[in-house]
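# take a look and give me a structure for this.
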Amino acid sequence: MNFLISDTFTDSLARLTGDEQKAVKTTAFDLQMNPAGKGLSFHKLDKAKDKNFWSVRVSSDIRLIVHKTPGSLLLCYVDHHDKAYHWAERRKLETHPTTGAAQLVEVRETVTEIVVPVYVQAELPAPSKPPLFAHRSDEELLGYGVPQEWLADVKQANEDSLLVLADRLPGEAAEALLELATGGKPRAAIPEIQTTDPFQHPDAQRRFRVLTNVEELQQALDFPWEKWTVFLHPEQRLWVDRDYNGPARVSGSAGTGKTIVALHRAAHLARNHPESRVLLATFSDALAHALHTKLKRLLSSEPRLGERIDVHSLESVGLRLYKANFGPVRLATRQDVKGAVKSAAQAISDHRFTLQFLLAEWEQVVDAWQLRTWESYRDVARLGRKTRLPEAQRLLLWSIFEEVIADLEGRGLKTPSAIFTALAAKLAAKKSPYDFAVVDECQDLSVAQLRFFAALGGESPNALFFAGDFGQRIFQQPFSWKSHGVDIRGRSRSLRINYRTSHQIRQQADRLLGPEITDVDGNREDRSDTISVFNGPAPTIVSYADEQEEQSGVAEWLKEQIEEGILPHEIGVFVRSEAQLPRAEAAINEAGIPYKILDEHVETLSGHASISTMHLAKGLEFRAVAVMACDDEILPLQERIETVGDDADLQEVYDTERHLLYVASTRARDHLLITSAGPASEFLDDMMV
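Predicted structure coming up:
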């Protein structure tokens, strides 16, 4: 007998208290070990439309809903007695007549009405909005996975009722309808798969999992569905399994599953090339740790595969390989560089360059491109730097930078750019330690890091695979990848389906960015057709009179989230920088919620809300997020604006500050609050337009 679990079960389990969850898990293990065990109390649900639904007693008031046939036992739902029974009475498990996928379908006749938003403009009559899908044939809609009994409702749906209706439909049907409504073209309907098991259909595997052992059940019960399964959308699998004749990149807005695609790509390469070694790299140690955890879950049944996949941060990769090829190295910190630039500038007094300008010129030109001679600095194209420099001024600048280079070398210090440049040269002359590299968060790669990957993989088929969102670029200036040997033209794809963030939050956050992003090489990323597959309340944006009023307002909102059943560790509070952390602490203390301030390791703590700066938000997600202290001189940060050393830097400051707010806002799944005290950031006006 197959033992299965559904996403509706893991979702409902997460809403119970800790003690209730423990009791449910014990019952679930008993069911897996021996479904006919004497201690298990099954009860036939006579009112259920689906006669294979049974309830299993967990405690005096908790009931587990299962779907039981001679060949399978499926864990479907768990709740208090009446709610659990009500859920089962409104649903049935069926095989879709066109696609052949197993679906849990809400019984149409139990739904009294589809509620649509109220038209509040009292002086005008409610507009008569046309149905969106009336001209679509039954055959086409069935091909997208729409249940047969919901065809009439789908054909009557307009833009007001669509999102409410989509919540009641299976995921593949909801996604197709939302894509059609926004002018997109859904993937071709998957024909019926030639299998006797409807749970093996790609669409069914998004919501049902067959559990073959106790360890898999343990993971299923300990983690939310999307984290346990390391969810992969059928459309995403196209880019995971494809062969590429050169470097490839997947992009997409926050929540579209780029990291999951990167994980599956690394596993796919290791699985299909048994003698290979695969590097899975990302921006920071914290993100690398999170990737490694997800990879272990993904490969829980193939642990030997994981032994050939190295998961590291970019800095860790550089230091490890440099030590192996050249010996020990001391990494120059930003303070080391700043001190060297300041000393060199003071030693050569006959100039008017500010320290800020010199630091920017060093970081974005000299060190980024690893210029080591006067001729290379004289002739370099200063991409992104608008301040024109005649040759005499460049010569003066070079005399300063020569001192900086000598200072760092004299102390045995190397910048990350120097490390990766040396490695790129080494790899060009010897065999690479890796056959394939998969890079997540690629939008923040530096010039030297990209050169390193170009040397590692070059134009070799399938050797390089990148995942990232240039709307989340917060550390690096844009530059041409093609000029460094990484040409992704024709092998760049955008993910469009957002399964992490509600439609309302995604739509409002997207206003911080343009509908289209184009990189330096002309690769275009269209964000206008991204769709979210679930509904939620609209984000709340509030400008308070002062910090005390903001503190109380945020505290009240946090208490409301707790009262609605959101657990403390499902809450995140973000601020622009460390200087604003006390404002977040004051609000969360007033709400009476335990919390943890995240450091660079970004490890959340169960039972505690998380407080963090926006720079550490990458890779995190919460059911509810408050973004505080979005004041006029904090976002964009006034200190950054005042230290601009070049005209082009000002636009870069504004761009990356927008990206920071976008990153923080899109950590929210269901609820988002954005606040300021006093005059609000101009970015908040953009979000509310």
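# list the residues that contact the most centrally placed residue in the chain.
The centroid of the chain falls nearest to Gly255 when counting by CA atoms, centre = their mean (4.1 Å). For Gly255, the contact set (CB atoms under 8 Å, 6 or more residues apart in numbering) comprises 498-501, 506, 532, 666. No exception for glycine: its C-beta is placed from N, CA and C like everyone else's.
# what's the farthest-apart pair in the residues you listed?
By the measure CB to CB, Tyr499 and Thr666 form the most distant pair in the contacts of Gly255, at 12.7 Å.
# quick one on the thing from earlier: buried only: go through the contacts of Gly255 for me.
When these are checked for burial by 16 or more other CB atoms under 10 Å, the buried set is 498-501, 506, 532, 666.
# which of those fall within helices?
Cross-referencing the buried ones among the contacts of Gly255 against helices under DSSP state H gives Arg506.
# measure stretch 574-586 end to end?
13 Å (CA to CA, to the nearest Å).
# following the helix or strand of the chain with the lowest mean pLDDT, which helix or strand comes up?
None of the helices or strands of the chain scores lower by mean pLDDT, DSSP states H and E than helix 225-229, at a mean of 69. Downstream of helix 225-229, the first helix or strand assigned by DSSP states H and E is helix 234-241.
# output the contacting helices and strands for the following helix or strand past that following helix.
As assigned by DSSP H and E, the chain's next helix or strand after helix 234-241 is strand 248-251. Here strand 248-251 touches helix 258-272, strand 464-467, strand 492-494, going by 3 or more CB pairs under 8 Å, 6 or more residues apart in numbering; DSSP states H and E.
# which of those sits most buried?
strand 464-467 (a mean of 28; mean count of other CB atoms under 10 Å).
# list the contacts of that strand.
Residues contacting strand 464-467 (CB under 8 Å, 6+ apart): 244, 246-251, 258-259, 261-262, 265, 269, 436-442, 453-454, 456-457, 486, 488.
# can you tell me the strand partners of it and which way each runs?
strand 248-251 (parallel), strand 436-440 (parallel) (DSSP bridges).
# which of these has the lowest mean pLDDT?
Mean pLDDT per stretch puts strand 248-251 lowest among the strands paired with strand 464-467, at a mean of 93.
# and stretch 628-640, end to end?
End-to-end distance for stretch 628-640: 19 Å, by CA to CA.
# start the count at 633 instead of 1 going forward.
Okay, using 633 as the starting number, the last item reads as stretch 1260-1272.
# show me which positions of it end up buried.
Across stretch 1260-1272, burial judged by 16+ other CB under 10 Å covers 1260-1264, 1266-1269, 1272.
# circling back to that earlier point, can you redo the contacts of Gly887 as CSV with distance to Leu1096 and pLDDT?
Output for the contacts of Gly887, formatted as CSV (distance: CB to CB, whole Å; pLDDT from 0 to 100):
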residue, distance to Leu1096, pLDDT
Asn1130, 26, 84
Tyr1131, 26, 76
Arg1132, 26, 83
Thr1133, 29, 89
Arg1138, 29, 90
Ser1164, 30, 83
Thr1298, 27, 94
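# ok, of these, which one's closest to His728?
Nearest to His728 among the contacts of Gly887 is Tyr1131, at 20.1 Å by CB to CB.
# surely the closest one and Leu864 touch.
No. Tyr1131 lies out of contact with Leu864 (CB atoms under 8 Å); the separation is 10.5 Å.
# can you check which residues contact both of those two?
Common neighbours of Tyr1131 and Leu864, using CB under 8 Å, 6+ apart, are Gly889.
# state the distance from Ile1037 to Leu1027.
Noted for Ile1037: a distance of 15 Å to Leu1027, by CB to CB, to the nearest Å.
# who has more neighbours, those two?
Neighbour tally, Ile1037 and Leu1027, criterion other CB atoms under 10 Å: the higher count belongs to Ile1037, 19 against 13.
# hmm, back to that, distance to His944 and mean pLDDT added to the helices and strands packed on strand 880-883, as JSON lines?
Shown next, in JSON lines, are the helices and strands packed on strand 880-883 (distance: least, CB to CB, whole Å; pLDDT from 0 to 100):
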{"stretch": "helix 890-904", "distance to His944": "12", "mean pLDDT": "94"}
{"stretch": "strand 1096-1099", "distance to His944": "16", "mean pLDDT": "96"}
{"stretch": "strand 1124-1126", "distance to His944": "25", "mean pLDDT": "87"}
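# so which of these gets nearest Asp1302?
Closest among those, using CB to CB: helix 890-904, at 19.8 Å.
# quick one: that closest one to strand 1068-1072, angle?
170 degrees (axes from the mean of the first three to the mean of the last three CA atoms, to 10 degrees).
# name the helices or strands packed onto helix 890-904?
Counting contacts by 3+ CB pairs under 8 Å, 6+ apart, helix 890-904 is packed against helix 866-873, strand 880-883, strand 910-914, helix 917-930, helix 935-938, strand 941-945, strand 1068-1072, strand 1096-1099.
# now distance to Glu772 too, for those, in a markdown table please.
As requested, the helices and strands packed on helix 890-904 are exported to a markdown table (distance: least, CB to CB, whole Å):
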| stretch | distance to Glu772 |
| --- | --- |
| helix 866-873 | 18 |
| strand 880-883 | 28 |
| strand 910-914 | 40 |
| helix 917-930 | 34 |
| helix 935-938 | 40 |
| strand 941-945 | 41 |
| strand 1068-1072 | 36 |
| strand 1096-1099 | 32 |
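# so which of these is the most packed in?
Buried most deeply of the helices and strands packed on helix 890-904, by mean count of other CB under 10 Å, is strand 1096-1099, with a mean of 28.
# now do the strands in the stretch 1033-1182 of the chain.
Per DSSP state E, counting those that start in this stretch, the stretch 1033-1182 of the chain carries strands over the ranges 1045-1046, 1068-1072, 1096-1099, 1124-1126, 1129-1130, 1148-1150, 1156-1158, 1163-1164, 1172-1176.
# err, the stretch 1183-1321 of the chain, not the other one
Applying DSSP E, counting those that start in this stretch to the stretch 1183-1321 of the chain gives strands spanning 1203-1207, 1227-1229, 1241-1245, 1254-1259, 1300-1309.
# of all these, which one comes closest to Gly816?
With CB to CB as the yardstick, what comes closest out of these is strand 1300-1309 (22.9 Å).
# avg pLDDT for the closest one?
Mean pLDDT, strand 1300-1309: 96.
# what's the answer for stretch 959-973, then?
Mean predicted confidence for stretch 959-973 is 94.
# how about that stretch: buried residues?
961, 964, 968-969, 972-973.
# coming back round to it: let me know the closest of the buried residues of stretch 1260-1272 to Ala1223.
Distances from Ala1223 to those, taken by CB to CB, are shortest for Met1260, at 12.4 Å.
# wait, that closest one touches Phe1206, no?
Yes. Between Met1260 and Phe1206 there is a contact under CB under 8 Å: 7.2 Å.
# mind listing the shared neighbours of these two?
In contact with both Met1260 and Phe1206: Ala1216, using CB under 8 Å, 6+ apart.
# okay, now Thr888: neighbour count?
Around Thr888 there are 27 residues (other CB under 10 Å).
# going by neighbour count, list what's buried in stretch 1298-1310.
For stretch 1298-1310, the neighbour count (16+ other CB under 10 Å) marks 1298-1309 as buried.
# need the buried ones among the contacts of Gly887 in JSON lines (columns: distance to His905).
Listed next are the buried ones among the contacts of Gly887 as JSON lines, based on distance: CB to CB, whole Å:
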{"residue": "Asn1130", "distance to His905": "32"}
{"residue": "Tyr1131", "distance to His905": "29"}
{"residue": "Arg1132", "distance to His905": "31"}
{"residue": "Thr1133", "distance to His905": "35"}
{"residue": "Arg1138", "distance to His905": "36"}
{"residue": "Ser1164", "distance to His905": "36"}
{"residue": "Thr1298", "distance to His905": "34"}
